[in-house]
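Asks: Test case, fold it:
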Amino acid sequence: MKDMLDYRYAREGRRRLAAENLKRCPVCGAVNAKQNEECFVCSWHGEFETHPEAIAEGLELLIVRCPELADVLMRDPTPWERFKEAFGNWARHVFHRDFDTYA
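Replies: You can find the predicted model right below:
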């Protein structure tokens, strides 16, 4: 039972993270980074879909086209990756700007 709860928690965490960082093009359905001003596939530059279900559907279609991405998208982050994310969040909060932790 605990494994099922851990799985649901991890899945919801990934869905939340995707909704916070991604958007979906309403023209071609491609998933884009939120900071992109236009779609990298079709150059759409209007309003994007930001609803979590639309983003999840776009990611599922991407995985169908490229199954190798499933391993990358579904794996749990390592302790070092979690630390870098937490440190980056802290630094952004303290310094009020982006802080690069990819060194």
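Asks: check contacts around the residue nearest the centre of the chain.
Replies: Centroid-nearest residue in the chain: A18, 3.0 Å away (criterion: CA atoms, centre = their mean). By CB atoms under 8 Å, 6 or more residues apart in numbering, the contact set of A18 is P52, I55, A56, L59. The C-beta positions use only the backbone N, C-alpha and C, and glycine is treated the same way.
Asks: Now do V94, the pLDDT please.
Replies: Looking at V94, its pLDDT is 81.
Asks: so it, which of the three states?
Replies: Here V94 is recorded as helix under DSSP: H, G, I helix; E, B strand; the rest coil.
Asks: same deal with A56?
Replies: Quick answer, by three-state DSSP: A56 is helix.
Asks: Quick one: neighbours of it, just the number.
Replies: 18 (other CB atoms under 10 Å).
Asks: ditto for L69
Replies: The number of residues packed near L69 is 13, by other CB under 10 Å.
Asks: now the one 10 residues further on
Replies: P79: 8 surrounding residues under other CB under 10 Å.
Asks: Kindly report the same for the one 5 residues further on.
Replies: For K84, the number of neighbouring residues by other CB under 10 Å comes to 15.
Asks: For the remainder of this discussion, apply numbering that starts at 54.
Replies: Yep, numbering from 54; the last one is K137 now.
Asks: And what about it, helix, strand or coil?
Replies: Relying on three-state DSSP, one would call K137 helix.
Asks: what sits against the nearest residue to E102 once chain neighbours are set aside?
Replies: Spatially, and ignoring its direct neighbours in sequence, E102 is nearest to R77 (4.3 Å; CB to CB, 6 or more residues apart in numbering). With contact taken as CB under 8 Å, 6+ apart, R77 is in contact with A83, V84, N85, F101, E102, T103, A107, I108, E110, G111.
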